[in-house]
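**Student:** only geometry, no sequence info:
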C-alpha cells in the first residue's frame, strides 16, 4: 500500500482524555477514532490488526474442533426470560424497544441464544459433543467507558459454547478450549497465564481467566515464577482425552490466581518464587453444567434411550481488547512494537527523497519486489521530510523498516531496521527482501 | 468436515411462514435460523457462504482502490443532527437510549459518520481522492420483515464512500465502483444489470441500481435483450480515466431501467429487443455531491490554497441479501445449486455404507486425499440411509458429489455427480479428485 493513497491519520500529541499507553498509541497511530463514549471506528491500519487477531483466534478454535456460526447482535427479551436473566442482568445490558414496541436487547453474551439454537436442532446423543463459536460485536453499557478499546462498550468477542452428555465429557471440552487458548495467545507473541477465578454472575464451578501481565493492568495477580518463561505452542491431539488432561494438569501445576482466588497454602509453597503483578484479562472460560440447558428445556435422547440434559460451558476471548493488551505488553517511548503475527504490514518502506528520481525509481522497484515476494508492505512514497517518516514508522510499529536514500543508493545499499531492537544494517536491496522474507 | 461432527440441522419440510423459494431453502438447508422477526442466526453452512460472498466483495473493492475500515454499529444521534437526517429519517431507524439517557441509533447507513471521520483527518488536496468502505452489520426496522434475509432487519452490507475534489474526479470514482460492482457480481456467477434509478431519500443526481433478474423479484425492470448475455469480468486499469469511462459508457449504452426511470424513447428504440422481468436489487451506487460534506463542515485546502468542499458518493452492496438473490437465481426442485465461487464446500463426499469396513476405509482415504489437494469437502460419514444422504446433498447444493458404495468399490470406481446438471460418471477415486480439482 502506498501511503500517498492510504488513510492513516497519525497524531503527534496524545489526546488529553487517553490515560493508558495503549489508548494513547492506538489514537496516535491512527488505529481507531472514538465515535461516542466507548464506541470506536477501526481505521484501516487498526482493522488490519483486528482481522489478524481474529483470524488467529478462528484458526485455533477450528483446530480444537469448534464449529463457527454467527448469531445476530440483537436478541429478543423473551429469550432471556427463559433463563431468568432478563431481569437479573443489570444496566450494562442495552435494552431496546423496536417500532412495534417489542422488547429487545443488544447482546452482551449468547448463552441463551446458542442454547435455543442447539435445542431446536439437536435430537440425540449423536449430536454430542459439539462446540459452537462465533466472533461477533457485542455491547456492554459500561457506566464509565475508558482505557480505549480495553473497556469499551461496543466490543468484538469470540465466544464459544460446549455441549456434552455429562461432566466427564464436558471436562474434555473444557480442556480443548484451555489448550486452544494457550496456543492462540502464544501465536500472538503473548504470555497469557490461566488463573483460577471466580465464576461471577454467570455461575458454574470451574473457571479460568487468561491474563496478560501489564503494569497498567486492571487487577492484581499472583503467580509462580515458572510462568515467566516464554509461551510455547502445544502440538497436542485434541481428540486424545488423557493427553489433553496431562497438558492442562501440567500448566495448572504452577500456581496462578487472581485476587479473589488466592490460596495461602500454594503461595507459601511457591515461597520466593511467588510473583505479584497486575494483569489484563483477555480470555475467560467457564464450565457451568446445566445452568442454561435445564431451565431452557434443552434435552436430547441418550444412548440408552433415556433423556439427557446436556452440560455446557462458555469460553470468551476479547478480540478487540486483545489489541490494547498487546500494545500494553509491547511498546517503547517511540510507539508500538507489533509482534510479527499480527502486524498490520510486515515492512515499512521509506523513500527518503520522493523528489529525487533515482531514489523514487529504486523505492518503486523495491516496493514491487516486496509485493512480488508476497510480503505485506506499507510504502511511504510521500513528499515529506525524512524525520517525519521515521517518526511515523516507529509510531505504527511495523516489524521491519527499509530506508532508501541517495547516499546508500550510491553504494548500492538500503538500510534495514528491526523495529523491536533498533538494530540497523546496510545491505543490497535484494538481500533486504530475502531477509524480510525470512530466507 | 465430517458431517458426524458438524452442525447442519436440515429440514424435510418448509416452514409455513416462508413464502419465497430462497427463504424456504435457506431454512431447509440449515443455512440460517430466525431468532426474531427479520433477525437471523447464520448457521455454520450459511456462514461459510456469507464469508465467501463477503470476501469477493472485499477483493473487488480493494482492486478498485478502495480502502477498508470498520465503523461501529451504534452511532450518536447528535452526529445525525449535523446532517439534518435524525429527524428526517423515519421509523426504520432503530433509536436507542443508553443508561445515561443519551440518544443513540443502530446505524442503517454511514454517510454522517464517514464524513465526520474524513473531516477530522483530511487536510489538503493530497488527501483526495479517497474511497473508504466497510462491511458491517446494519439495522433497518422494516415494518413487515419478510422473505428471509432478502428483507431482514439485521443485515450485512458493504458500503463505500468516495471523496473527490470536484465533479469530474467524482465521476471517475463513480466509474471505479460501477466496474467493481460488475466484476463482483460476475465472480459470483450472477448477471446483475445496472439500471438508472431514482436516488430516493438519500439525494443526489446520478445513481444506478444493480439488479439480478428473478421471477420472485420485488420490482418490475425493463432492459435490452443484450443484457441476457452472460456476465464477464472486466480487466480494466482502474487508474485509466478514459478507459474506465469507455467501459461504463459501453455498458450503459444498452437500455435498462426500473419502473420509476422508464424512458419511452429508449424503449421504442429497443423495439422487439425490449424485455420485461422482475428483479432483486443487490447493489446501489449514488453520486450526491456536497450533500453531506457542506452541512457537516468537511473542507480541505485545495492545490491553489483555496478551500475545497469534497464531492461524495455512496455505494452499497447487500451482502446478506445477495445470498437470497443467488438462491433465487440458482436452484431446482431438489434444492440449492451454488455457483462454485461461493459454495460452502466444493465437494460432498457420501459414504453409502458407513457400516461396511471397506466402504468406510475407501471413503476415509478419499476424504484425506481431497483435503490434501486443498479441496473443501463435506464428508457424510454418518450411519444413515443412502436416500437421506442423497437428498441432503442435493438440498445443500455443493457443486460436486462423490458417492462411494460397495458395488462401485468392487469395480474400483466411485460415482462423481455434477449438482448443476445431474450428470454422473464412474471413475477411479484418484481421477475423481483430479476432476474436482479442475485438473
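**Tutor:** Cool, the structure landed. For clarity, every value in this text was computed on a predicted model and none was experimentally measured.

**Student:** can we go C-alpha only for contacts and neighbour counts from here?
**Tutor:** Fine.

**Student:** pull up the pairing partners for the top strand by length along chain A, direction included.
**Tutor:** In chain A, with assignment by DSSP state E, the single longest strand is strand A:274-289. Strand A:274-289 pairs in its sheet with strand A:206-213 (antiparallel), strand A:219-224 (antiparallel), strand A:311-318 (antiparallel), by DSSP bridges.

**Student:** and these as CSV, adding mean neighbour count and mean pLDDT?
**Tutor:** Below are the strands paired with strand A:274-289 laid out as CSV (neighbours: other C-alpha atoms under 10 Å in any protein chain shown; pLDDT from 0 to 100):
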stretch, mean neighbour count, mean pLDDT
strand A:206-213, 24, 91
strand A:219-224, 20, 93
strand A:311-318, 24, 96
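
**Student:** pipe these into a markdown table and attach distance to residue A:274 per row.
**Tutor:** Shown next, in a markdown table, are these (distance: least, C-alpha to C-alpha, whole Å):
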| stretch | distance to residue A:274 |
| --- | --- |
| strand A:206-213 | 14 |
| strand A:219-224 | 5 |
| strand A:311-318 | 27 |
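
**Student:** out of those, which comes closest to residue A:286?
**Tutor:** Distance to residue A:286, taken as C-alpha to C-alpha, is lowest for strand A:206-213 among those, at 4.4 Å.

**Student:** now find how far off-centre the closest one is within its chain.
**Tutor:** 14 Å (C-alpha atoms, centre = their mean, to the nearest Å).

**Student:** what does it rub up against?
**Tutor:** A:190-199, A:277-288, A:325, A:329 (C-alpha atoms under 8 Å, 6 or more residues apart in numbering or on different chains).

**Student:** ok, stretch A:397-407 next?
**Tutor:** A:335-340, A:343-353, A:358-359, A:362-363, A:393, A:413-420, A:432, A:436.

**Student:** tell me which element whatever residue of the stretch 251-400 of chain A ends up closest to chain B is part of?
**Tutor:** As assessed by C-alpha to the nearest C-alpha, chain B sits closest to residue A:382 within the stretch 251-400 of chain A, at 9.5 Å. In this structure, residue A:382 sits in neither a helix nor a strand according to DSSP states H and E.

**Student:** pretty sure residue A:40 contacts residue B:73?
**Tutor:** No - between residue A:40 and residue B:73 there is no contact, the gap being 9.7 Å when judged by C-alpha atoms under 8 Å.

**Student:** what sits against residue A:388?
**Tutor:** No residues are in contact with residue A:388 under the rule C-alpha under 8 Å, 6+ apart.

**Student:** A strand includes it, no?
**Tutor:** No - Residue A:388 is assigned helix when assessed by DSSP: H, G, I helix; E, B strand; the rest coil, not a strand.

**Student:** now it: how far from residue A:419?
**Tutor:** Distance from residue A:388 to residue A:419, counting by C-alpha to C-alpha, to the nearest Å: 16 Å.

**Student:** what's the answer for residue A:377, then?
**Tutor:** Taking C-alpha to C-alpha, one finds residue A:377 at 14 Å from residue A:419.

**Student:** excluding chain neighbours, what is closest to the residue in the stretch 151-300 of chain A positioned nearest to chain B?
**Tutor:** Proximity of the stretch 151-300 of chain A to chain B (C-alpha to the nearest C-alpha) peaks at residue A:154, 7.3 Å away. Leaving aside its sequence neighbours, residue A:154 sits nearest to residue A:139 (C-alpha to C-alpha, 6 or more residues apart in numbering or on different chains; 4.6 Å).

**Student:** check residue A:230 too.
**Tutor:** Residue A:230 sits nearest to residue A:191 (C-alpha to C-alpha, 6+ apart), 6.4 Å away.

**Student:** spit out the contact partners of that neighbour.
**Tutor:** So residue A:191 contacts A:185, A:212, A:213, A:228, A:230, A:231 (C-alpha under 8 Å, 6+ apart).

**Student:** and for residue A:152?
**Tutor:** A:37, A:38, A:39, A:140, A:142, A:145, A:146.

**Student:** and with 10 Å instead?
**Tutor:** A:34, A:36-40, A:139-142, A:144-146, A:320-321 (C-alpha atoms under 10 Å, 6 or more residues apart in numbering or on different chains).

**Student:** and what of residue A:255?
**Tutor:** A:193-196, A:222-227, A:262-263, A:266-267, A:269-270, A:273-275.

**Student:** redo that, cut-off 6 Å
**Tutor:** By C-alpha atoms under 6 Å, 6 or more residues apart in numbering or on different chains, the contact set of residue A:255 is A:223, A:224.

**Student:** how near is it to residue A:232?
**Tutor:** From residue A:255 to residue A:232 the distance is 18 Å (C-alpha to C-alpha).

**Student:** now swap in residue A:295 and tell me
**Tutor:** Distance from residue A:295 to residue A:232, by C-alpha to C-alpha: 41 Å.

**Student:** neighbour-wise, which of these two wins?
**Tutor:** residue A:232 (14 against 11; other C-alpha atoms under 10 Å in any protein chain shown).

**Student:** excluding chain neighbours, what is closest to the more buried one?
**Tutor:** residue A:186 (6.0 Å).

**Student:** up against chain B, what does chain A have?
**Tutor:** A:9, A:41-44, A:47, A:68-72, A:96, A:121 (C-alpha under 6 Å from any C-alpha of the partner chain).

**Student:** may I ask which two of these are separated the most?
**Tutor:** A:9 and A:121 (47.8 Å).

**Student:** quick revisit: among the contacts of stretch A:397-407, which ones are in strands?
**Tutor:** Checked against DSSP E, the contacts of stretch A:397-407 include these in strands: A:335, A:336, A:347, A:348, A:349, A:350, A:351, A:414, A:415, A:416, A:417, A:418.

**Student:** any low-confidence regions in chain A?
**Tutor:** A:199-205 (pLDDT under 70).

**Student:** if we go to 80?
**Tutor:** Scanning chain A for pLDDT under 80 picks out A:197-205, A:216, A:439.

**Student:** ok, which stretches of it are helices?
**Tutor:** A:21-28, A:44-63, A:77-83, A:85-88, A:111-121, A:167-187, A:241-252, A:264-270, A:319-329, A:357-372, A:386-396, A:406-411, A:429-436 (DSSP state H).

**Student:** thanks a lot, catch you later.
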